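>>> show me how the following folds:
(one chain, ligands or ions: 3)
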Amino acid sequence: MATQAKAWGTKGPHERLEPMAIERRDLRPEDVSIKISHCGICHSDVHFANDDWGMSLYPMVPGHEIVGTVNAVGSAVGKYMAGDRVAVGCLVDSCRTCEQCQSGEEQFCNQMPTFTYSGKDRQSGEITKGGYSSQIVVREEFVCRWPDNLDMGRGAPLLCAGITTYSPLRRFGAGPGKKVGVAGLGGLGHLAVKFAAAMGAQVTMITTSPEKGEDARGLGADDVLLSNDLEVMASAANRFDLIVNTIPVTHNVGPYLDLLKANGVMVIVGAIDELPGLHGGALVMRNRVVAGSLIGGLPETQEMLDFCAEHRIQPETEFIRIDEVNHAWDRMLKGDVRYRFVIDMDSLNEAQ
Ligand code: NAP
Ligand code: ZN
Ligand code: ZN
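Ligands and ions are numbered 1, 2, ... in the order given. As a prediction, the model looks like this:
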């Protein structure tokens, strides 16, 4: 007998989210059952719900920025016990044996990782269901330990927005003496600014929204560039060692590439799409690099949480009730979020 859980989900592309009763599997020996307290809303939730990437499975319960408390563990679980504060991000399983898994990069599992939602459970074949829900059951290797001095509700967005920006900043050496630009001040972008500043880099926010300039400085940016002012962009040519580009849609990357110094790197984390304006000359003539980055593996996700605890880094969040989730998605698509929505799962009890 599986356990009944409350959830909100969608039955097909471009449909609204609605209440859904779902089942969580009985605990396998290596499973951890988690009572979810909060779940962040990621822009990818909307991309997945609308099948923008052609891989969506329905019914879909989104949510991969999950925090909560362990309420039961399987017989072989050694790492966690009931009452522990834990978190789950974008992955709930992988083959665990291939070269990528063995090196802690489960997101690149050669046999496809199992995503937290819209994936297929490796044993039963059932569609995985995410964190817009009261409970989740996950293998212990894919559960992170929540640091004592981090707030759980506010911290939920670290599980995707956090690791997705922390990982490329580390990989490309953000730190003292480096000039880092962050394009797009949303959920990912605001954490990229906080991380890069905490790592000791000089940070510039590159935004389409003049009104966000003051916020960016408050988050740790030393400077702000308005990307739709081409004169301002031209005056900043050859400035950055690294740009983390979180823009969620296809866009002309030419003006952003021109901002890179010789040997500079632009990491695409937002647009899983064609990138018009990518001219070989802009790369060749200055040894520039265009890179991509996908979330992060489990060891690095735990490292990122511990980094946040040590450096007192918390996302900027707006808490919502589950029955406000459709409205929150609409607001996020309009850029009207400062800077991540987090659903309080206690509201599930009142909303259904
Ligand atoms: P978000 O909160 O909606 O923020 C995106 C920001 O990008 C907006 O606030 C806006 O900032 C800017 N922007 C939006 N439309 C733009 C346009 N047409 N041109 C230029 N700038 C634009 O989204 P998010 O949750 O941070 O996610 C960002 C993207 O990363 C999404 O596509 C998401 O699917 C993807 N993602 C990727 C990974 C990964 O592993 N690679 C993980 C998580 C999310 P300004 O107002 O400052 O311009
Ligand atoms: Zn995400
Ligand atoms: Zn693997």
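
>>> who's in contact with the residue nearest to Leu27 when sequence neighbours are not counted?
Leaving aside its chain neighbours, Leu27 sits nearest to Gly74 (4.3 Å; criterion: CB to CB, 6 or more residues apart in numbering). C-beta: built from backbone N, CA, C; applies to glycine. By CB atoms under 8 Å, 6 or more residues apart in numbering, the residues touching Gly74 are Leu27, Arg28, Pro29, Glu30, Asp31, Val32, Glu140.

>>> please list only the buried members of these.
Leu27, Glu30, Asp31, Val32, Glu140 (16 or more other CB atoms under 10 Å).

>>> okay, those in a markdown table with secondary structure next?
As requested, those are arranged in a markdown table below (DSSP: H, G, I helix; E, B strand; the rest coil):
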| residue | secondary structure |
| --- | --- |
| Leu27 | coil |
| Glu30 | coil |
| Asp31 | strand |
| Val32 | strand |
| Glu140 | helix |
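
>>> which of those sit farthest apart?
Leu27 and Glu140 (10.7 Å; CB to CB).

>>> close to ligand 2: what parts of this structure are there?
By CB under 5 Å from the ion, the residues of the chain that approach ligand 2 are Cys42, Ser44, Cys160.

>>> Glu106: which of those is nearest?
Cys160 (14.4 Å).

>>> surely Met345 is in contact with Ser134?
Yes: assessed by CB atoms under 8 Å, Met345 is found in contact with Ser134 at 6.1 Å.

>>> looking at the two, which has the bigger crowd around it?
Met345 (26 against 23; other CB atoms under 10 Å).

>>> shaky segments in the chain?
1, 351-352 (pLDDT under 70).

>>> which parts of it sit against ligand 3?
So far as CB under 5 Å from the ion goes, the chain lies against ligand 3 at Ser94, Cys95, Cys98, Cys101, Cys109.

>>> how many neighbours does Gly280 have?
7.

>>> OK, contacts around it?
Contacts of Gly280 by CB under 8 Å, 6+ apart: none found.

>>> what distance do you get for it to Gly9?
According to CB to CB, to the nearest Å, Gly280 and Gly9 sit 44 Å apart.

>>> swap in Ser118?
10 Å.

>>> which residues do the two both contact?
Met60, Pro62.

>>> which residues of the stretch 101-250 of the chain lie near ligand 1?
Residues of the stretch 101-250 of the chain lying close to ligand 1 by CB under 6 Å from any ligand atom are 160-161, 164, 184-189, 207-209, 212, 246-249.
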